[in-house]
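K.L.:
Predicted model, plus sequence, below.
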Amino acid sequence: MNPNQSRHALVAIFVVVLLFSSCKEIIEYSPYQNIVKSKWKKQNVSNYNKLLPEADEDFTPFRVGLISDSHSYYDEFEKQVKYINTRSDLDFIIHLGDVTLSANAREYDWYSDIMNNINVPVITIIGNHDCLGNGYDIYTEMFGESNFFFKYKDVKFVMFDDIIWEKKVTDPDFEWFDKALVNDSEYVHVIPFAHIPPWDEQFSLGNEFLYNQIILRNNLNLSIHGHGHSYGYSQPYDDVNYLSIPAPIRNELIILDIQSDTIKHELVRY
Amino acid sequence: MLLAIAPVTNAQGDASDTIQSELPKMLQNAYKTRTVVIKKDTVTYRHRWFIPGQYKLQYAGSIGFMSIGFGFAISPTYQPALFIGYLSENFGGSKNSVVSISLKNSFYFTKEPVFKYFKPYGGLSINWGNTNNTFNRLPDYYPKEYYFQNKIHFAPFLGGELRFDINQRYFHGFGVYTEFSAFDAYLLEAIRTKYVKPHMALSMAVGVTFYLR
């Protein structure tokens, strides 16, 4: 290589390095990669911490916004976020799962990017789509444990990971769920949330029966789910009320109105 | 098999007699032309057709933290390469490791370099991702067409290479390339949503190519 060529080669390498260092966002090692930005690690934990110290206070009525299945409805999700931000009555938001379509790395990033524009903290539950590829592990890095519960103003919120097919298991961890639902601290309410409702085809007949039995034996009468993309409020097994949360494409927001003696919900069209 | 009967003067024909005499013995043997008589036809072919003429080392580009590629100059414009890429916690910082195999079909837009060194190209890459929970066919317990397969993805790409001649025993040239590819699932979101802008579907790769004599 003559000196002229080596000069050109050096310039080329310099330009490439400069280009690379100036646009980190454009670097992806694999769509299946599990590399979560430090600002987006364990967001369920950091978002819960934002609810403190109010979370430890004694019960006073409060309202929570419920959203779900935002995967691939990015524009509609942005619209929903915009609407949520016009309200000042919501203490926090719960996303009922399916934040991605195929659990690809950038889909998780896009969800976090939009979700963080909501001006109250968001707690995110795992959905079946979120478990494809390395999705389950990305979820635990980005949000935390997939089975968890937390306390807010003497109300216990129990978030149950009931994904079966995508996690290649036969049963969800019903033992954990049963224990988590116990009212062990004189909670005013205990409210279970899970992405998939028990009547879905992922549940065997036994699992469907067991889910409802666990709710009943803990003396609860409300279970909240996503997955169906549309609003629903029904009593398929008589005593327990099942609330289904719509996807952003419906232009609806469900508001949970938690009072000392009852839990009401309201569907708002925007 | 098509390559096996490619005549001596095929696109890899950068090995003139004078160069061949200077080549290391190993490559001289590999380059030696051979003949085979099929019925009454004599077919002359280059024995080394299967030895890749291009060796690539790539950083990023959605097929691994680093990947190595083996390329063939089928014609001056069509030059595919097979890449094997790897990503893991210690090699790229991903908590899950991924092995990618990628067939990159590159088509050069010009036969001769533009501005003496620059060769722009584009094409379609077929990427096969091996990690947890990827599948070609859905396990039986899913209803029909519940999910689309997530193991094989397509990624169109555009790139450019700066190619330089070198006078080296085994290699006659090297190139530095940069390319931008768009993973099909991201591209689809960029097309159907306003939120995902076209640049958000792009993935950049940088790499070097060494051209065997």
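P.N.:
Yep, that arrived.

K.L.:
From here on, just use CA atoms for contacts and neighbour counts.
P.N.:
OK.

K.L.:
Spit out the contact partners of the closest residue to chain B within the stretch 1-150 of chain A.
P.N.:
Closest residue of the stretch 1-150 of chain A to chain B, Cα to the nearest Cα: A:S30 (4.0 Å). Residues near A:S30 by Cα atoms under 8 Å, 6 or more residues apart in numbering or on different chains: A:A105, B:A60, B:G61, B:S62, B:I63, B:G64, B:F65, B:L87, B:V98.

K.L.:
Go again with 6 Å.
P.N.:
B:S62, B:I63, B:G64 (Cα atoms under 6 Å, 6 or more residues apart in numbering or on different chains).

K.L.:
Relative to its centre, which residue of chain B is most distant?
P.N.:
What lies farthest from the middle of chain B is B:K40; by Cα atoms, centre = their mean that is 37.3 Å.

K.L.:
ok, A:N221 to A:I214 distance?
P.N.:
11 Å (Cα to Cα, to the nearest Å).

K.L.:
what touches both of these two?
P.N.:
Common neighbours of A:N221 and A:I214 (Cα under 6 Å, 6+ apart) do not exist.

K.L.:
circling back: keep the contacts of A:S30, but drop any that are not near chain A.
P.N.:
B:S62, B:I63, B:G64 (Cα under 6 Å from any Cα of the partner chain).

K.L.:
For the first one, which non-adjacent residue is spatially closest?
P.N.:
The shortest distance from B:S62 to any non-neighbouring residue, by Cα to Cα, 6 or more residues apart in numbering or on different chains, is to A:S30 (4.0 Å).

K.L.:
related to what we said a few turns ago, which of the contacts of A:S30 tops the neighbour count?
P.N.:
B:G64 (31 neighbours; other Cα atoms under 10 Å in any protein chain shown).

K.L.:
Which element, helix or strand, includes it?
P.N.:
B:G64 belongs to no helix or strand when assigned by DSSP states H and E.

K.L.:
Contacts only, for it.
P.N.:
Here B:G64 is in contact with A:Y29, A:S30, B:G85, B:Y86, B:L87 (Cα under 6 Å, 6+ apart).

K.L.:
again, only using 10 Å
P.N.:
A:28-33, B:58, B:83-88, B:91-92, B:97-102, B:129 (Cα atoms under 10 Å, 6 or more residues apart in numbering or on different chains).

K.L.:
Are any of these buried, and if so which?
P.N.:
Among the contacts of B:G64, those buried by neighbour count (16 or more other Cα atoms under 10 Å in any protein chain shown) are A:28-33, B:58, B:83-88, B:92, B:97-102, B:129.

K.L.:
Looking at those residues, which are in helices?
P.N.:
Assigned to helices by DSSP state H, none of these qualify.

K.L.:
How about chain B: which residue is closest to chain A?
P.N.:
B:S62 (4.0 Å).

K.L.:
re earlier: which pLDDT value goes with the residue farthest from the centre of chain B?
P.N.:
The model reports B:K40 with a pLDDT of 82.

K.L.:
just to revisit the earlier point, among the contacts of B:G64, which ones are in strands?
P.N.:
Counting by DSSP state E, the part of the contacts of B:G64 found in strands is B:Q58, B:F83, B:I84, B:G85, B:Y86, B:L87, B:V98, B:V99, B:S100, B:I101, B:S102, B:G129.

K.L.:
just those residues that are near chain A?
P.N.:
B:G85, B:Y86, B:L87, B:V98, B:V99, B:S100, B:G129 (Cα under 10 Å from any Cα of the partner chain).

K.L.:
any low-confidence regions in chain B?
P.N.:
B:1-21, B:46-47 (pLDDT under 70).

K.L.:
mind listing the helices for the chain?
P.N.:
Chain wasn't specified; assuming chain A. A:3-22, A:43-50, A:74-84, A:105-115, A:135-142, A:174-180, A:205-217.

K.L.:
you looked at the wrong chain, it should be chain B
P.N.:
Going by DSSP H, chain B shows helices at B:17-22, B:25-31, B:184-192.

K.L.:
Of these, which stretch is the most buried?
P.N.:
helix B:184-192 (a mean of 17; mean count of other Cα atoms under 10 Å in any protein chain shown).

K.L.:
thinking again about what came up before, make JSON lines out of the helices of chain B and add distance to A:T124.
P.N.:
Converted to JSON lines, the helices of chain B look like this (distance: least, Cα to Cα, whole Å):
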{"stretch": "helix B:17-22", "distance to A:T124": "65"}
{"stretch": "helix B:25-31", "distance to A:T124": "60"}
{"stretch": "helix B:184-192", "distance to A:T124": "22"}
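
K.L.:
I'd like those helices as TSV, with distance to chain A appended.
P.N.:
Below are those laid out as TSV (distance: least, Cα to the nearest Cα, whole Å):
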stretch	distance to chain A
helix B:17-22	17
helix B:25-31	22
helix B:184-192	7
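
K.L.:
quick one, domains of chain B?
P.N.:
B:1-51, B:52-212 (automatic domain parsing).

K.L.:
Phi, psi for the closest residue to A:E186 other than its chain neighbours please.
P.N.:
Leaving out its chain neighbours, the residue that sits closest to A:E186 by Cα to Cα, 6+ apart is A:D154, at 7.7 Å. Per-residue torsions, A:D154: phi 70, psi 20 (degrees, to the nearest 10).

K.L.:
Provide a list of residues in contact with A:D154.
P.N.:
Per Cα under 10 Å, 6+ apart, neighbours of A:D154: A:55-60, A:185-190, A:260.

K.L.:
among those, who's most crowded?
P.N.:
A:V190 (24 neighbours).

K.L.:
Give the bridge partners for it, please.
P.N.:
In this entry, A:V190 is beta-bridged to A:K156, by DSSP bridges.
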